[in-house]
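1. Here is my input; please provide its structure:
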Amino acid sequence: MRIPNSFFLLAILITAFSFGCKDDDQQFADCFNEPKKPKLNLTLIEGPTVSLPSKVSVFFRVRDDNGNPVGYLTEDNFVIYEKGLNDPCPRIISEFEAKRKISGREQVFNHTTMLLLDLSGSVLQQSLANLQNAAIAFIDETMPDTIDNSIKMGIWWFDGEDILHELEAPTSDIWELKAAVNSITPNISNDNSTDLYGAVIKGAAIAEQILADYQNQDVSSAVSVVLFTDGEDRANRYLKQDAYNAVAATPADISWFTLGVGNEINIPDLQTIGRNGFFQAASISQLTAVFKQLALVVNNEANSFYLFEYCSPIRNGANNELVIEAFDIQGNESGFLKTTFDATGFTSGCQL
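-> Below is the predicted model:
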């Protein structure tokens, strides 16, 4: 029996409707059976960028569902998919079809830690030695023993003045950082008050300038701001909301951590300013242990950025879909990054 052509036309229309009329997010969820709330979150930082004959590069970061950085992943923790003109769903790109590599932090970008220290009167008069010991422990845990020019730390301090004082400019030299901390004396400050909000606003500006300087050199970078205080804003110079806004306005590649000690801190303030983590020490004697705990998070933060480069097998199309799936080290949690790239002019011969 000969089936009428109209039947085939109807079937084609139904098929086109089923794949084409869903929005992109729904179709993506259908293809991957994606949970409503993925446990890993991949955030695009730069790219995709393409270079002939067929290289695609994507720079991204990985966090878990609680916002914690997920560092030290390797190529085995990633699966790559492409969706071309004729693919109803993205399909796995095997290593035999396309060369690829995932590069961690140390190979592809610079990370700078900004340590902002409260040197108001209460710290200098009651707990300077403890703070110095804790800061040196933080430096030891955060900085590599041998100089690595891709990892830097700078130290600033604030009191009641309308200044964020630079103690040590960003450097890769661990000994210079320790010497700077040891150089702090009880008479370094001329104002016993605490200009906490001013320090946050000025710190945000410095962090953004560090990123801009690297971008002008075509170098990818990220900054972690770590602020220590034993009290709340007393200078009454800047609005609290202006400090909150300064933090919120900084891009995703600037992370904010706060560490408060004692019972005079404003916890809601420090939780809002420390959008990526707030740490608390009940007493000054616990400061070193908490600074070490914070150092582990900052290290993980620095290593939660990844550069994915691969040689695409696609040879045409201006809107090809790329999906990167990540699994945590235990293989229990996963998440996706979806983006598109232009393969116009792609040919063979790509090298990484």
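2. Quickly list the domain ranges of this protein.
-> 1-34, 108-302 (automatic domain parsing).
3. burial of Phe327, as a residue count?
-> Per other C-beta atoms under 10 Å, the neighbour tally for Phe327 reads 18. Any C-beta I mention is one placed from the backbone N, CA and C, and that applies to glycine too.
4. wait, it sits on Ser334?
-> Yes. Counting by C-beta atoms under 8 Å, Ser334 is a contact partner of Phe327 at 4.9 Å.
5. Can you pull the residues that touch both of these two?
-> Both Phe327 and Ser334 are contacted by Leu40, under the criterion C-beta atoms under 8 Å, 6 or more residues apart in numbering.
6. Any regions of the protein where pLDDT drops low?
-> By pLDDT under 70, the weakly predicted segments of the chain are 1-27, 34-38, 104-108.
7. With distance to Ser94 and mean neighbour count as extra columns, can I get the domains of the chain in CSV?
-> As requested, the domains of the chain are exported to CSV (distance: least, C-beta to C-beta, whole Å; neighbours: other C-beta atoms under 10 Å):
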stretch, distance to Ser94, mean neighbour count
domain 1-34, 18, 11
domain 108-302, 24, 19
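8. Out of these, flag the one nearest Asp64.
-> Nearest of the domains of the chain to Asp64, taken as C-beta to C-beta: domain 108-302 at 10.4 Å.
9. just the strands in the stretch 151-300 of the chain please.
-> 151-158, 165-171, 220-229, 254-261, 277-281 (DSSP state E, counting those that start in this stretch).
10. Same list (those strands) but as a markdown table, adding distance to Asn320.
-> Output for the strands of the stretch 151-300 of the chain, formatted as a markdown table (distance: least, C-beta to C-beta, whole Å):
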| stretch | distance to Asn320 |
| --- | --- |
| strand 151-158 | 35 |
| strand 165-171 | 39 |
| strand 220-229 | 23 |
| strand 254-261 | 31 |
| strand 277-281 | 37 |
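11. returning to what we had before: out of the domains of the chain, nearest to Pro69?
-> Of all those, domain 108-302 comes closest under C-beta to C-beta, at 4.3 Å.
12. In this protein, where's the longest helix?
-> What stands out as the longest helix in the chain, according to DSSP state H, is helix 196-216.
13. That one to strand 220-229, inter-axis angle?
-> Interaxial angle, helix 196-216 versus strand 220-229 (axes from the mean of the first three to the mean of the last three C-alpha atoms, to 10 degrees): 170 degrees.
14. Tell me which stretches of this structure form helices.
-> Secondary structure of the chain, counting by DSSP H: helices at 5-20, 24-32, 105-108, 121-126, 128-142, 174-182, 196-216, 240-249, 267-273, 287-302.
15. Nearest approach to Glu321 belongs to which of those helices?
-> Distance to Glu321, taken as C-beta to C-beta, is lowest for helix 24-32 among the helices of the chain, at 8.7 Å.
16. Name all residues that make contact with the spatially most central residue of the chain.
-> Of all residues in the chain, the one closest to the mean position by C-alpha atoms, centre = their mean is Asp253, 4.6 Å from it. Applying C-beta under 8 Å, 6+ apart to Asp253 gives the contacts Ile45, Arg61, Leu211, Ser221, Ala222, Val223, Phe305.
17. any idea how far it lies from Ser221?
-> Distance, Asp253 to Ser221, by C-beta to C-beta, to the nearest Å: 7 Å.
18. Likewise for Leu294?
-> 21 Å.
19. same thing with Ala207?
-> Counting by C-beta to C-beta, the gap from Ala207 to Ser221 is 10 Å.
20. Asp191 too?
-> According to C-beta to C-beta, Asp191 stands 33 Å off from Ser221.
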